[in-house]
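Novice: Okay, here's the prediction I keep looking at, along with the sequence it came from:
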Amino acid sequence: MDSLARIPIVAIVGRPNVGKSTLFNRYAGWRRALVADTPGLTRDRIAEELEVQGRVIRLVDTAGLDAAAERGLPAAVQAQAESAVRDADAILFVVDGKAGLLPEDEAIARTLRRTRKPLSLIVNKIDNPRHHDGRLLDFYSLGFERLRGVSAEHGGGAFDALEDLVDSLPAPEAEPTPANPEVPRVALVGRPNVGKSSLMNRLLGEERVVVSAEAGTTRDAIDIEFEYEGQAFVLVDTAGLRRPGRREGTGERIGALMAVRALERAQVALLVVDSEEGLTDQDAHVGRLARDMGVSVVIVANKRDRLTGEQRKLALESVGHGLRFIDDAPIVSLSALTGAGLNRLLPAVRRVAEAGAKRVPTAELNRWLADAVRRHDPGMARKGSRIAPLKFLYASQVGVQPPRFVIFCTDPDSVLVSYRRYLENRLRESFGFEGAPLRVHLRRRKQSFE
């Protein structure tokens with residue numbers, strides 16, 4: 001997040017079971033999402049940064065977060081198309097070449113035709129894109145200029161389609177510098193109906209809060225600046241949260257694209273979960289997305305007013321276990337309805353915001369490295385037939401938001417995954433990186449192997 005250049009978002013959109021996740025995995029380079037013939041199957045990740053034609057993009061599988069809608073699956077698919085038109089920079093519209101053109105495809109196409117953004121129509125399940133037996137012809141009636149037959153399963157034509165779309169993107173744009181970069185920018189994220197809007201209203205309605213609104217840096221989003229007990233914050237609001245007239249429908253639901261847009265403009269994410277209902281796969285998806293995007297996290301266990309003391313304790317244990325991949329993030333139990341526990345929330349936000357922006361002096365960092373290696377020997381390095389002790393030489397912090405470190409050693413390839421995790425945990429414990437994702441990169445020292 002040190003760079004002000006905004007990463008363009010390419011959204012994969014289409015009805016269920018046309019191969020969106022298979023295509024996502026193909027582009028990501030490995031099976032990052034679960035794939036099966038069952039429509040709407042839960043997925044592991046829904047966003048991935050890729051380099052295409054020398055340009056970094058953020059690919060988003062829109063099927064990842066909103067598998068169910070208030071008015072059923074067709075409404076959810078349509079909401080994803082509307083979200084893509086609003087929030088994506090380019091769109092990959094995927095259809096099924098074996099099933100042929102269906103009314104659902106035509107309905108999505110009508111929504112997508114409203115956009116002037118680059119769009120490619122991907123006719124999937126064409127095993128040999130050069131010999132498609134006329135199966136593409138029906139899809140030309142949808143009226144899109146870019147149309148390609150691909151096989152997401154085997155890769156045929158897939159990368160040509162993505163490269164063609166990325167080539168059509170406008171020149172990279174930069175985000176304006178925030179008025180005060182020292183003020184933490186906080187995004188409320190989570191699955192539908194966990195109380196995000198209630199929490200926002202509670203935060204902004206608190207008597208000790210001073211509120212002002214100014215235009216945001218991304219499309220029609222609004223950044224709401226407020227002050228709590230002398231501490232300034234900026235709430236990264238989104239169109240889905242601030243349209244009260246649509247809260248009964250799909251407008252309140254935060255989808256994959258909306259979550260990405262909110263997180264890319266924030267330093268801290270409030271991951272709101274429902275204490276009464278318990279943790280779900282979708283909660284974990286949103287938490288994983290925040291961690292992957294380098295955003296510090298505070299977990300908000302909402303609706304504590306509906307639980308007894310013992311139930312509350314068990315609920316917090318369940319939330320902590322389900323989100324153990326971000327076990328460094330503080331958990332705040334509160335009720336957005338009554339305000340109980342709210343006094344613990346913004347102090348936690350302040351702590352994790354400071355952690356995400358923390359810099360460790362080089363001398364102190366290298367004393368830490370020497371002590372960490374002394375406490376836990378890294379083992380041996382092997383180069384051909386030669387074996388030598390693996391040595392860690394020095395470390396340097398190279399960035400913040402998230403904190404990034406480079407550690408030089410004699411042979412990074414010989415360092416076990418468990419030892420890398422040990423170094424990250426020691427960093428967090430020693431310097432107090434509460435709730436902040438750490439990026440630790442190992443580099444070979446520019447000397448011969450000894």
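Specialist: Alright, I've got the coordinates. Here the structure is a predicted model, which means the values were calculated and not measured.

Novice: Which residue, other than its chain neighbours, is closest to E153?
Specialist: Leaving aside its sequence neighbours, E153 sits nearest to T22 (C-beta to C-beta, 6 or more residues apart in numbering; 5.9 Å). (Each C-beta comes from the backbone N, C-alpha and C, glycine too.)

Novice: For the one you found, report the pLDDT, please.
Specialist: Here the pLDDT value assigned to T22 is 89.

Novice: Repeat that for S3.
Specialist: The per-residue pLDDT of S3 was computed as 44.

Novice: How about V319?
Specialist: With respect to pLDDT, V319 has a value of 93.

Novice: my read: L188 touches M200, true?
Specialist: Yes. Judged on C-beta atoms under 8 Å, L188 makes contact with M200 at a distance of 5.8 Å.

Novice: Looking at the two, which one has more neighbours?
Specialist: L188 (24 against 19; other C-beta atoms under 10 Å).

Novice: still on that earlier bit, number of nearby residues for the residue nearest to E153?
Specialist: The number of residues packed near T22 is 19, by other C-beta under 10 Å.

Novice: Could you say which helix or strand holds it?
Specialist: Using DSSP states H and E, T22 maps to helix 20-28.

Novice: helices or strands up against that helix?
Specialist: Packed against helix 20-28 by the contact rule (3 or more C-beta pairs under 8 Å, 6 or more residues apart in numbering; DSSP states H and E) you find strand 9-13, strand 47-52, strand 55-61, strand 90-96, strand 119-124, helix 158-167.

Novice: Quick one: closest of these to I224.
Specialist: Judged by C-beta to C-beta, the one of the helices and strands packed on helix 20-28 that comes nearest to I224 is strand 9-13, at 22.8 Å.

Novice: R420: how many residues sit nearby?
Specialist: 16.

Novice: Okay, and G100 sits in which element?
Specialist: Using DSSP H and E, no helix or strand contains G100.

Novice: Next, count neighbours for the nearest residue to it once chain neighbours are set aside.
Specialist: Spatial nearest neighbour of G100, excluding adjacent residues (C-beta to C-beta, 6+ apart): D138 at 6.0 Å. Counted with other C-beta under 10 Å, the neighbours of D138 add up to 15.

Novice: how much space between D138 and D105?
Specialist: Using C-beta to C-beta, to the nearest Å, D138 is found at 10 Å from D105.

Novice: One more: K358?
Specialist: Per C-beta to C-beta, K358 is found 49 Å from D105.

Novice: and those two? which has more neighbours close in?
Specialist: Neighbours were counted for K358 and for D105 using other C-beta under 10 Å; D105 has more, 22 against 16.

Novice: Identify the residues contacting that one.
Specialist: G14, R15, V95, F139, L142 (C-beta atoms under 8 Å, 6 or more residues apart in numbering).

Novice: Work out which residue lies at the spatial centre of this structure.
Specialist: L289 (2.8 Å; C-alpha atoms, centre = their mean).

Novice: how far out from the middle of the chain is the strand or helix carrying that one?
Specialist: Applying DSSP H and E as the criterion places L289 in helix 281-292. Relative to the centre of its chain, helix 281-292 is centred 7 Å away, using C-alpha atoms, centre = their mean, to the nearest Å.

Novice: Which strands or helices does it pack on?
Specialist: Against helix 281-292 (3+ C-beta pairs under 8 Å, 6+ apart) you get strand 185-189, helix 256-264, strand 268-274, strand 296-302.

Novice: Just send the helices and strands packed on helix 20-28 back as TSV, with mean neighbour count and mean pLDDT too.
Specialist: Formatted as TSV, the helices and strands packed on helix 20-28 follow (neighbours: other C-beta atoms under 10 Å; pLDDT from 0 to 100):
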stretch	mean neighbour count	mean pLDDT
strand 9-13	26	91
strand 47-52	16	86
strand 55-61	21	88
strand 90-96	26	93
strand 119-124	25	94
helix 158-167	18	92
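
Novice: Distance to F325 added to these, as JSON lines?
Specialist: Formatted as JSON lines, the helices and strands packed on helix 20-28 follow (distance: least, C-beta to C-beta, whole Å):
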{"stretch": "strand 9-13", "distance to F325": "24"}
{"stretch": "strand 47-52", "distance to F325": "16"}
{"stretch": "strand 55-61", "distance to F325": "19"}
{"stretch": "strand 90-96", "distance to F325": "28"}
{"stretch": "strand 119-124", "distance to F325": "31"}
{"stretch": "helix 158-167", "distance to F325": "29"}
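
Novice: V440 is nearest to which of those?
Specialist: The minimum distance between V440 and the helices and strands packed on helix 20-28 falls on strand 47-52, with 17.8 Å, by C-beta to C-beta.

Novice: helices or strands up against that closest one?
Specialist: Counting contacts by 3+ C-beta pairs under 8 Å, 6+ apart, strand 47-52 is packed against helix 20-28, strand 55-61, helix 158-167.

Novice: Of the ones you listed, give the one that comes closest to G294.
Specialist: Once the helices and strands packed on strand 47-52 are compared by C-beta to C-beta, strand 55-61 is nearest, at 12.0 Å.

Novice: Need the per-residue pLDDT for A69.
Specialist: pLDDT at A69 comes out at 44.

Novice: which residues of the stretch 51-200 of the chain score low on pLDDT?
Specialist: Applying pLDDT under 70 to the stretch 51-200 of the chain flags residues 63-80, 129-133, 174-181.

Novice: beta partners for R386?
Specialist: Counting by DSSP bridges, R386 is bridged to K383.

Novice: residues near Q53, how many?
Specialist: Neighbours of Q53 (other C-beta under 10 Å): 12.

Novice: That should have said R374, apologies.
Specialist: 8.

Novice: ok, now which ones touch it?
Specialist: So R374 contacts nothing (C-beta under 8 Å, 6+ apart).

Novice: Next one: it, what pLDDT does it get?
Specialist: Reported pLDDT for R374: 93.

Novice: wait, is S335 part of a helix?
Specialist: No. Checked against DSSP: H, G, I helix; E, B strand; the rest coil, S335 lies outside a helix; its state is coil.

Novice: Spatially, what comes nearest to it if we skip its sequence neighbours?
Specialist: S335 sits nearest to D305 (C-beta to C-beta, 6+ apart), 4.0 Å away.
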